[in-house]
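In: What would the 3D arrangement of this be:
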Amino acid sequence: MVRYAVLLRGINVGRAKRVAMADLRALLTGLGYTDVATHINSGNLIFDSTKKAATVEREITAAIAETFGFKIDVAVRTPAQLKKLLADNPYPDGNPSQVTIAFLTKAAPATGKEKVAAMATEAEPFTFAGQDVYVHYSNGLGTSKLAEKFSAIIGVSSTVRNINTVTKIVALCDKRG
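Out: Model prediction:
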């Protein structure tokens, strides 16, 4: 049995793609996942499964499309992967609400990395970490042109969580067993 943290991109942002967390928990339970929990209303899911991460990603993507009528990109990570990302944070002195991790749905192409480098500013240092990207938005995400179009710039779908949220997801994973 493997515990997974699943991060959904773009649900419950504004009026589009609204999904109640209770409905997501019921959907995942119906897919056979166990000990299903959610953290806040932005699509952070935690559960146990015997399935491989790629299978989990495909199943959840398809089930959400079929059940709710829209496509959602899904990033699947284990608690160990999240803990490593937290431990390796290259911006440990940054405000944890402004230091983010972009969870990519697949590895970034070299051209995407170059485009991020071209868009980032001195106030927005970034570091690639395998399939994920740390970005320190020291002036906040609200005014950042990089944050506004990150997935389009990098050329890979991503969902972003700040260090505070990732820390809480890891704690919830640990608390649940």
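
In: Which parts of the protein are strands?
Out: Taking DSSP state E as the test, the strands found in the chain are 2-8, 34-39, 44-49, 74-77, 99-104, 126-129, 132-136, 158-162.

In: Same list (those strands) but as a markdown table, adding mean pLDDT.
Out: Output for the strands of the chain, formatted as a markdown table (pLDDT from 0 to 100):
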| stretch | mean pLDDT |
| --- | --- |
| strand 2-8 | 95 |
| strand 34-39 | 93 |
| strand 44-49 | 95 |
| strand 74-77 | 95 |
| strand 99-104 | 96 |
| strand 126-129 | 94 |
| strand 132-136 | 96 |
| strand 158-162 | 93 |
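
In: Next, format the ones you listed as TSV and append distance to Gly112 and mean neighbour count.
Out: (Glycine included, C-beta is placed from N, CA and C.) Listed next are the strands of the chain as TSV, based on distance: least, CB to CB, whole Å; neighbours: other CB atoms under 10 Å:
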stretch	distance to Gly112	mean neighbour count
strand 2-8	19	21
strand 34-39	28	17
strand 44-49	25	22
strand 74-77	16	23
strand 99-104	9	24
strand 126-129	10	16
strand 132-136	10	22
strand 158-162	10	21
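
In: out of those strands, nearest to Glu114?
Out: Minimum separation from Glu114 across the strands of the chain (CB to CB) falls at strand 126-129, 11.6 Å.

In: What helices and strands are in contact with the lowest-mean-pLDDT helix or strand in the chain?
Out: Lowest by mean pLDDT, DSSP states H and E among the helices and strands of the chain is helix 145-148, with a mean of 88. Helix 145-148 is packed against helix 110-119, with contacts defined by 3 or more CB pairs under 8 Å, 6 or more residues apart in numbering; DSSP states H and E.

In: Cool, thanks, signing off.
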